[in-house]
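In: Structure of the sequence below:
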Amino acid sequence: MIRTLLIASALACITAGRPAIADTKDLPARIEVRPIETLTLTDQQALTGDRNGKPVMIAGELRLPQGAAGKLPAVVLLHGSGGINGGHQLWASQLNQIGVAALLVDSFSMRGIVSTSTNQSLLGRYNMIIDAYRGLAMLAAHPRIDGRRVAVMGFSRGGQSALYSSLKRFQQAWGEGNQFAAHIPFYASCSATLIGDTELTGAPIRQHHGQADDYVTVAPCRPYFQRLRSAGHDAELIEYPDAPHSYDNPLGTTPARLSKGSESTRECTLREESPGIIINTATGQRFTYKDDCIRRDPHVGYHEGAANATRKSVTAFVQTLFKPE
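Out: Numbers count the residues shown, from 1 in each chain. Next comes the predicted model:
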């Protein structure tokens, strides 16, 4: 009897000192780390389809959902200037829970980049579009993925790539015959007017953006999305009052904190003057991150209400689009 009590007491102590097991529904059935062959390009090369860049092998983490049979729909996730974080992992889990595979693309590590927040010139503004399409090509060849049902979702820098990957010019230059089924950008910059930026592939766009964002302001996106709708496209800009930059990441602080030294183009108005040449309209000269319009020290933070509303909206949109099992 005493021996039994001692064993029970020991087991209780072990259990008490062990962290609770996560709800298994949040766990993927399978995780694959996949190589993705891509290129490191200048903005001019990315915009003009010039393939004479530096070859690089980046990684994508593919998470397959539990209990799903047959070929699965998928979402390619593109990180922001700080690289992949826990918020992106949370989105992958959210997608897995509705029967959708998630591919987290790491555009930085194999390029020797940790963050571009304080030096955005470390990687071209449009380079992640190529990474996204190379990830799509890998998924289209995967035996468990339905290549016709793959969307792209991106955050900040990655959001810009998720948005502009909808342009026909990028799909034709980099898609290798593949096309995204939908584009879901988060707080993407609309500060640059590109040639042919209303000539889209036809896939729907749903952009989510906080009205309190002082890192990537929502104001330039309003006229752009109006132009897209006027051109007959299924494009929606969903705004959230009081939500700052990166508002969906629960690792952020409330209220938003200063992102010391981070570069912002919120005061810049840019235009593609001729193919591949982006100018600062205030100077008429080619844009660089040394231009006077560059601002620093924006804010990032979490907004629970906006985050919950966004998850509900995105989940409903993806379920309606893909009808996963």
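In: Helix or strand: which one has residue 151?
Out: Using DSSP states H and E, residue 151 sits in strand 145-155.
In: Dump that strand to CSV, keeping only the CA atoms.
Out: The C-alpha atoms that make up strand 145-155 are tabulated as CSV, following Å, rounded to 0.1, in the frame of the first residue of the first chain:
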residue,chain,number,x,y,z
ILE,A,145,-1.3,18.8,-53.6
ASP,A,146,-3.9,20.0,-56.1
GLY,A,147,-1.9,22.6,-58.0
ARG,A,148,-5.1,24.3,-59.3
ARG,A,149,-6.1,25.1,-55.7
VAL,A,150,-3.2,27.0,-54.3
ALA,A,151,-3.5,30.5,-52.8
VAL,A,152,-0.8,32.9,-51.7
MET,A,153,-0.9,34.8,-48.4
GLY,A,154,1.8,37.3,-47.4
PHE,A,155,2.5,39.7,-44.6
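In: Parallel or antiparallel, list what pairs with that strand.
Out: strand 72-78 (parallel), strand 182-186 (parallel) (DSSP bridges).
In: will you turn those into TSV that also has distance to residue 121 and mean neighbour count?
Out: Yep, even glycine has a C-beta here, placed from its N, CA and C like the rest. TSV is the format used below for the strands paired with strand 145-155 (distance: least, CB to CB, whole Å; neighbours: other CB atoms under 10 Å):
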stretch	distance to residue 121	mean neighbour count
strand 72-78	19	28
strand 182-186	22	27
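In: any chance of the ones you listed in a markdown table, plus mean pLDDT?
Out: As requested, these are exported to a markdown table (pLDDT from 0 to 100):
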| stretch | mean pLDDT |
| --- | --- |
| strand 72-78 | 98 |
| strand 182-186 | 98 |
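In: quick one, helices of the stretch 201-325 of the chain?
Out: 221-230, 304-322 (DSSP state H, counting those that start in this stretch).
In: Which among these is found nearest to residue 74?
Out: helix 304-322 (8.9 Å; CB to CB).
In: Which positions within the closest one qualify as buried?
Out: With burial defined by 16 or more other CB atoms under 10 Å, the residues of helix 304-322 counted as buried are 306, 307, 309, 310, 313, 314, 317, 318, 321, 322.
In: residue boundaries of the strands in the stretch 201-325 of the chain?
Out: 205-210, 235-240, 257-258, 263-264, 270-274, 277-280, 285-286, 295-296, 299-300 (DSSP state E, counting those that start in this stretch).
In: hang on, the earlier thing: nearest to residue 200, of the helices of the stretch 201-325 of the chain?
Out: From those, taking CB to CB, the stretch that ends up closest is helix 221-230, at 7.2 Å.
In: just to revisit the earlier point, can you redo the strands paired with strand 145-155 as JSON lines with distance to residue 211?
Out: Putting the strands paired with strand 145-155 into JSON lines (distance: least, CB to CB, whole Å) gives the following:
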{"stretch": "strand 72-78", "distance to residue 211": "23"}
{"stretch": "strand 182-186", "distance to residue 211": "14"}
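In: among those strands, which is nearest residue 128?
Out: strand 72-78 (5.5 Å).
In: What's the first helix or strand after the closest one?
Out: helix 86-97.
In: Need the CA coordinates for that following helix. PDB is fine.
Out: Taking C-alpha atoms only, helix 86-97 is exported to PDB below (Å, rounded to 0.1, in the frame of the first residue of the first chain):
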ATOM      1  CA  GLY A  86       5.200  32.400 -34.500                       C
ATOM      2  CA  GLY A  87       2.300  34.300 -36.000                       C
ATOM      3  CA  HIS A  88       2.900  32.600 -39.400                       C
ATOM      4  CA  GLN A  89       3.000  29.200 -37.700                       C
ATOM      5  CA  LEU A  90      -0.400  30.100 -36.200                       C
ATOM      6  CA  TRP A  91      -1.800  30.800 -39.600                       C
ATOM      7  CA  ALA A  92      -0.400  27.400 -40.900                       C
ATOM      8  CA  SER A  93      -2.100  25.700 -38.000                       C
ATOM      9  CA  GLN A  94      -5.400  27.600 -38.700                       C
ATOM     10  CA  LEU A  95      -5.300  26.500 -42.400                       C
ATOM     11  CA  ASN A  96      -4.500  22.900 -41.400                       C
ATOM     12  CA  GLN A  97      -7.500  22.800 -39.100                       C
END
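In: by how many degrees do it and strand 72-78 diverge?
Out: 170 degrees (axes from the mean of the first three to the mean of the last three CA atoms, to 10 degrees).
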